[in-house]
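**Student:** Only the shape, not the letters, is given here:
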């Protein structure tokens with residue numbers, strides 16, 4: 001399967017060859033892993049890449065339930081879905097975004113941002129719906145106290161662990177995509193900032209067994225970011241669409257306040273009153289004052305930094321709006337008034353021809369023959 005239209009062939013293992021054919025190369029690796037499932041000698045190794053590991057079967061009132069915890073073998077699973085994310089990225093780019101770009105005729109800078117927002121719109125939409133489904137089925141929305149009760153939450157259901165593994169795989173795949181998509185140098189630092197922040201927060205929630213709180217925070221963040229990227233896509237299609245940014249601004253502030261409130265409630269107060277405080281690596285318990293304060297500080301600094309960027313963005317929009325208003329007023333003031341049309345005898349007033357001095361001109365008498 002070919003993801004890119006090839007107008008020119010490049011030497012093997014060259015930079016352009018790798019960029020143009022990276023999705024096909026990764027697709028071949030995925031097929032190679034899937035073929036390993038067909039043979040008994042390689043099936044056990046291939047299953048490490050496809051299925052989450054470290055499953056434990058426990059008895060519950062509902063019957064036997066299979067739960068999971070994390071370990072080093074999760075790296076193989078993350079690697080496999082890292083490849084899947086690269087393939088899906090290429091599919092969305094080729095069959096959706098590139099077709100829209102050909103119709104819009106955007107500049108290079110806008111084209112880069114349009115592709116970025118298009119990819120993140122698809123990801124945030126899928127992740128938001130998936131996260132909401134998990135929150136509802138696990139009962140975290142109806143019972144908020146379950147976010148910190150019975151900590152540590154070492155054992156996870158399949159859908160929760162698979163959600164975290166795919167999240168890590170997606171944000172890891174975003175790093176080489178900066179190279180494959182030839183992102184402009186001035187855009188790389190900005191994208192690296194939020195990619196690393198996502199990886200840091202998701203990894204911390206997964207490894208510190210704060211998966212329930214992390215799931216709620218990810219859902220709130222993805223819904224807010226989904227609104228921003230939808231607004232930016234509409235702006236690129238028509239620069240008159242500005243109202244959606246105002247709606248996103250409201251959701252952004254609400255998300256920041258909700259995130260800080262939930263973190264202080266769950267980590268600052270809920271875990272502080274837990275029955276088993278202390279550090280126990282074997283049991284996965286990280287409920288110490290130092291770790292709790294470190295997590296709260298990390299979240300507070302991140303939210304403060306996001307709010308600072310948001311305030312700068314709104315001030316820039318306000319200055320641009322004021323500048324456009326001033327330019328329009330100057331252009332309207334410089335427009336000359338249209339002069340009245342006058343003929344050789346005078347001008348017309350109320351349907352009557354007036355002379356220059358305001359008197360009506362005398363009508364010529366026709367000579368009798």
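**Tutor:** Perfect, I can see it now. Note that the structure is predicted; figures quoted are calculated from it, not measured.

**Student:** Can you name the helix or strand that residue 212 falls in?
**Tutor:** helix 211-237 (DSSP states H and E).

**Student:** Mind listing what's buried along that helix?
**Tutor:** Neighbour-count burial for helix 211-237, counted by 16 or more other Cβ atoms under 10 Å, picks out 211-236. Every residue, glycine included, has its C-beta placed from N, CA and C.

**Student:** the strands in the chain, which residues?
**Tutor:** With strands called from DSSP state E, the chain shows them at 55-60, 63-68, 278-280, 285-287, 346-349, 352-355.

**Student:** What average pLDDT does the first one get?
**Tutor:** Translated: strand 55-60. Across strand 55-60, the average pLDDT comes to 84.

**Student:** List the pairing partners of it within its sheet, with orientation.
**Tutor:** Partners of strand 55-60 in the sheet, by DSSP bridges, are strand 63-68 (antiparallel).

**Student:** Let's test this: mean pLDDT of the partner strand, rounded?
**Tutor:** 86.

**Student:** Report how many residues lie close to residue 29.
**Tutor:** If you count neighbours by other Cβ atoms under 10 Å, residue 29 ends up with 15.

**Student:** List the residues that contact it.
**Tutor:** Contacts for residue 29 were tallied using Cβ atoms under 8 Å, 6 or more residues apart in numbering; they are residue 83.

**Student:** Relative to residue 86, how far out is it?
**Tutor:** In this view, residue 29 and residue 86 are 10 Å apart by Cβ to Cβ, to the nearest Å.

**Student:** go on, residue 217?
**Tutor:** Applying Cβ to Cβ, the value for residue 217 to residue 86 is 26 Å.

**Student:** so what pLDDT did the residue nearest to the spatial centre of the chain get?
**Tutor:** Residue closest to the average C-alpha location in the chain (Cα atoms, centre = their mean): residue 120, at 4.1 Å. Looking at residue 120, its pLDDT reads 96.

**Student:** quick one: it and residue 96, what's the gap?
**Tutor:** On the measure of Cβ to Cβ, residue 120 and residue 96 end up 13 Å apart.

**Student:** Mean confidence (pLDDT) on the helix holding residue 212, please.
**Tutor:** On average, helix 211-237 scores 93.

**Student:** helices or strands up against that helix?
**Tutor:** Helices and strands touching helix 211-237, by 3 or more Cβ pairs under 8 Å, 6 or more residues apart in numbering; DSSP states H and E, are helix 108-138, helix 158-180, helix 185-207, helix 243-263.

**Student:** Can you check which of those helices gets nearest to residue 269?
**Tutor:** Of all the helices and strands packed on helix 211-237, helix 243-263 sits nearest to residue 269, with 10.1 Å by Cβ to Cβ.

**Student:** how about the closest one: buried residues?
**Tutor:** Counting neighbours by 16+ other Cβ under 10 Å, one finds that the buried residues in helix 243-263 are 244-245, 248-249, 251-252, 255-256, 259-260, 262-263.

**Student:** would you turn these into JSON lines with distance to residue 152 and pLDDT?
**Tutor:** Shown next, in JSON lines, are the buried residues of helix 243-263 (distance: Cβ to Cβ, whole Å; pLDDT from 0 to 100):
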{"residue": "244", "distance to residue 152": "41", "pLDDT": "85"}
{"residue": "245", "distance to residue 152": "41", "pLDDT": "85"}
{"residue": "248", "distance to residue 152": "36", "pLDDT": "90"}
{"residue": "249", "distance to residue 152": "37", "pLDDT": "90"}
{"residue": "251", "distance to residue 152": "32", "pLDDT": "92"}
{"residue": "252", "distance to residue 152": "32", "pLDDT": "93"}
{"residue": "255", "distance to residue 152": "27", "pLDDT": "94"}
{"residue": "256", "distance to residue 152": "27", "pLDDT": "94"}
{"residue": "259", "distance to residue 152": "22", "pLDDT": "95"}
{"residue": "260", "distance to residue 152": "23", "pLDDT": "94"}
{"residue": "262", "distance to residue 152": "18", "pLDDT": "94"}
{"residue": "263", "distance to residue 152": "17", "pLDDT": "93"}
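
**Student:** Including distance to residue 78, could these go into a markdown table?
**Tutor:** A markdown table is the format used below for those (distance: Cβ to Cβ, whole Å):
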| residue | distance to residue 78 |
| --- | --- |
| 244 | 34 |
| 245 | 35 |
| 248 | 31 |
| 249 | 35 |
| 251 | 30 |
| 252 | 30 |
| 255 | 27 |
| 256 | 29 |
| 259 | 25 |
| 260 | 29 |
| 262 | 27 |
| 263 | 26 |
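
**Student:** among the helices and strands packed on helix 211-237, which is nearest residue 16?
**Tutor:** Counting by Cβ to Cβ, residue 16 lies closest to helix 158-180 out of the helices and strands packed on helix 211-237; the figure is 11.3 Å.

**Student:** what does the closest one rub up against?
**Tutor:** 19, 22, 52, 66, 68, 70, 74, 77-82, 84-86, 89, 123, 127, 130-131, 134, 137-138, 156, 188, 191-192, 195, 198-199, 202-203, 205-206, 211, 214-215, 218.

**Student:** Quick one, which of these are buried?
**Tutor:** Looks like the contacts of helix 158-180 have 22, 52, 68, 70, 74, 77-78, 80-82, 84-86, 89, 123, 127, 130-131, 134, 138, 156, 191, 195, 198-199, 202, 205-206, 211, 214-215, 218 buried, using 16+ other Cβ under 10 Å.

**Student:** I'd say residue 33 and residue 50 touch.
**Tutor:** Yes - contact status for residue 33 versus residue 50: in contact at 7.2 Å, counting by Cβ atoms under 8 Å.
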